[in-house]
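Visitor: show me the folded form of this:
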Amino acid sequence: MKNYKKTNKLMFLLFIIVFIALLSFWQETSNLWAQGVHSFRKALPDTGQTTVYSSGDDASYIKPNPQMAYIDNGNGTVTDKYTGLMWKKCSEPDTTTDCSGTHSAYPWADAITQCENLTYAGYSDWRLPNMKELFSLIKFEGSGPYIDTTYFPSTLSGYYWTSTIYAPNTTYAMYVNFYSGDVTNNGKIYSGYVLCVRAGP
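Guide: Below you'll find the model as predicted:
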């Protein structure tokens, strides 16, 4: 009888603990939805897509300004007002302001060096963008290259290096593919195109 009462008491305590945990989770979830945005969605960049291809894609959401808030600075650079990043509008090593020069592909280490050694438009703090930064330029509309070619006219329908290393194999790094609009990885010895960025986190 004593063991039965002890078991009942333990079961009751367990029920109380589970109930409190569930109540806490429900309150936290309610707070997120009360703010009108899920924490994961909040971190995603706006792609600038205006055509709805399927329910739930970026164009399905009403935005105050459906276009990407890019500013052409008139000196070969473009500022993204959403992210605060300044981009060199031309792919490397083009140093013109209208992207009429040449562009080349680089192994990953050379891509890092190309941006870090760059002095352009009066700035010398250029760097290779990380995966999230470069992916923020993807615009899922029309056909490749999936980017706003009004502001980035020389971007190729191909693979562009990021500074993000592929964690399972550090001899690999991450590409953003402007031909298909996805992210993949490849060995650092292989070549990819380069867009340089400055400022931001």
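
Visitor: ranking helices and strands of this protein by mean pLDDT, which lands last?
Guide: helix 39-42 (a mean of 34; mean pLDDT, DSSP states H and E).

Visitor: which parts of the chain belong to which domain?
Guide: 2-40, 44-201 (automatic domain parsing).

Visitor: quick one: the strands in the chain?
Guide: Using DSSP state E, the strands of the chain run over 70-72, 77-80, 86-88, 106-107, 159-165, 172-177, 182-187, 191-192, 197-198.

Visitor: now do the contacts for residue 111.
Guide: When contacts are counted by C-beta atoms under 8 Å, 6 or more residues apart in numbering, residue 111 touches 92, 128, 161, 192, 194. Just so you know, the C-beta spots here come from the backbone N, C-alpha and C atoms, and that holds for glycine as well.

Visitor: you'd agree the last one is up against residue 94?
Guide: No: shown here, residue 194 and residue 94 do not form a contact pair, counting by C-beta atoms under 8 Å, at 10.1 Å.

Visitor: who's more crowded, those two?
Guide: residue 194 (25 against 19; other C-beta atoms under 10 Å).

Visitor: nearest residue to the more buried one other than its sequence neighbours?
Guide: Among residues not flanking residue 194 along the chain, residue 92 sits closest, at 4.0 Å (C-beta to C-beta, 6 or more residues apart in numbering).

Visitor: okay, the one you found: pLDDT?
Guide: Residue 92 is assigned 98 on the pLDDT scale.

Visitor: hang on, it packs against residue 191?
Guide: No: in this structure residue 92 lies outside contact range of residue 191 using C-beta under 8 Å: 11.7 Å.

Visitor: contact partners for residue 104?
Guide: 92, 93, 193.

Visitor: looking at the residues you listed, which is nearest residue 181?
Guide: Distance to residue 181 across those (C-beta to C-beta) is lowest for residue 193, with 15.0 Å.

Visitor: that closest one - nearest residue in space that isn't next to it in sequence?
Guide: residue 160 is the one closest to residue 193 (C-beta to C-beta, 6+ apart), at 4.8 Å.

Visitor: is the one you found bridged to anything, and to what?
Guide: residue 176, residue 193 (DSSP bridges).
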